[in-house]
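Novice: here is a sequence together with a model predicted from it:
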Amino acid sequence: MKIRVVLICICMSLLLTACSNISNNLSNSSTKGDDIKKFNSYIELLNFKQGWLSGVAKSYFNEFGTGEEINIKKEFSGFILFPTAEREGEKSLYGFHKERHTKLPRKYQADRPSYGEIDAKMLTLCDKTDAFIELYFKDVTLYYANKEYEKDNFAKGRELHKKMVLSYRELSEAADDFSTAFYPKMVEHEGAELPGLKKKGFNIHYYALSVLLSGREISHMFDTLESGGKDFLEADLAQYEEVYNKFNSNVSELKKIYKDKDQLKREGYSADQVPFLNQFVNTTEGMQTAATDTLNMIKAGTTEVKNENTGKFTTGGRSYPVGEFRRRLGQLVDEYNNSISE
């Protein structure tokens with residue numbers, strides 16, 4: 001049985017931290033401080049799984065395969081994901097991630113307002129996250145760091161691999177289940193700041209956030225397809241064109257105004273923030289290219305397309321344009337926090 005290893009970079013913890021900054025500054029925001037803390041802790045847990053932790057899993061499974069039985073390459077010469085870490089360092093890394101990513105969601109879980117079934121699904125995700133990082137950092141990493149496979153001819157490695165496959169499958173299922181239930185709450189929170197920004201005339205901020213949210217819609221659309229075991233080429237063309245056009249429209253509106261000196265001054269942008277704002281727009285252009293590649297592939301029903309973007313994002317494999325879009329979405333969030341949210 002195969003497991004699906006997908007590096008889905010939702011990267012929303014930074015965005016919602018930014019949104020909490022906005023809500024502190026906008027007098028008409030309805031978002032409560034306690035709700036923000038709870039919401040952000042849930043987002044960061046999901047982001048950790050879909051980003052960094054998925055990267056850890058991807059590196060492991062690229063080396064040993066995703067099947068039930070371990071695949072040991074003939075040229076195998078060792079495997080350490082963190083080659084500079086010492087034994088105690090690995091324990092500290094495990095402790096750091098457990099402390100940071102599952103402790104706070106557990107702490108805020110019982111806080112009001114209640115999120116209903118989302119709270120229970122979050123606890124399941126915490127349990128599966130803790131189990132996976134404990135298995136990896138306390139067992140798997142030390143096994144290979146200490147080269148125990150040379151002594152037992154991979155006997156323990158085979159058993160650890162089966163545990164890794166099962167543990168990561170359960171973790172991914174819990175993350176998909178949580179993400180599906182949590183998405184409506186995300187939409188509710190994400191869009192809550194836009195009316196206040198528009199009312200205050202903060203148009204750069206408004207359209208930058210709109211770009212992020214419409215980009216998030218595109219990412220979520222493909223997350224949903226993948227969680228259902230479908231290829232991105234199976235996307236509903238009309239649905240994709242709708243979110244694609246919305247994203248491009250928001251980018252176009254942002255590009256009309258982001259260099260306006262009077263508007264920059266009105267919104268309080270410092271000279272230090274302007275280069276990040278310029279990079280933010282450059283990143284959106286890369287996302288547009290990836291999104292256009294994706295559109296053309298869906299229309300054609302194949303990744304073998306010839307268009308104005310061929311050679312940019314069409315050469316990296318079957319799902320590469322979607323992966324490139326997600327990667328740049330994560331980059332965009334970081335630039336948003338450095339240039340817009342403060």
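Specialist: Thanks, I have it.
Novice: in stretch 146-162, what counts as buried?
Specialist: Under the neighbour-count criterion of 16 or more other Cβ atoms under 10 Å, stretch 146-162 has 149, 154, 157, 158, 160, 161 buried. Bear in mind the C-beta positions are built from the backbone N, C-alpha and C, glycine included.
Novice: tell me the one of these nearest residue 211?
Specialist: Proximity of the buried residues of stretch 146-162 to residue 211, judged by Cβ to Cβ, is greatest for residue 161, which lies at 41.8 Å.
Novice: isn't the closest one right up against residue 69?
Specialist: Yes - between residue 161 and residue 69 a contact is recorded at 7.5 Å, counting by Cβ atoms under 8 Å.
Novice: and the helix or strand containing residue 107, what does it pack onto?
Specialist: Assessed by DSSP states H and E, residue 107 sits inside helix 103-108. Applying 3 or more Cβ pairs under 8 Å, 6 or more residues apart in numbering; DSSP states H and E, we find helix 103-108 packed against helix 33-48, helix 117-134.
Novice: and those, which is most packed in?
Specialist: Comparing those by mean neighbour count (mean count of other Cβ atoms under 10 Å), helix 33-48 ranks first with a mean of 21.
Novice: ok, the closest residue to residue 253 other than its chain neighbours - contacts?
Specialist: Leaving out its chain neighbours, the residue that sits closest to residue 253 by Cβ to Cβ, 6 or more residues apart in numbering is residue 207, at 4.7 Å. The neighbourhood of residue 207, defined by Cβ atoms under 8 Å, 6 or more residues apart in numbering, consists of 250, 253, 254, 257, 258.
Novice: among those, which are located in helices?
Specialist: 250, 253, 254, 257 (DSSP state H).
Novice: quick revisit: export the helices and strands packed on helix 103-108 as TSV, with columns for distance to residue 305 and mean pLDDT.
Specialist: TSV is the format used below for the helices and strands packed on helix 103-108 (distance: least, Cβ to Cβ, whole Å; pLDDT from 0 to 100):
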stretch	distance to residue 305	mean pLDDT
helix 33-48	32	79
helix 117-134	37	94
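Novice: looking at these, which is nearest to residue 190?
Specialist: Nearest to residue 190, of all these, is helix 33-48, at 10.1 Å by Cβ to Cβ.
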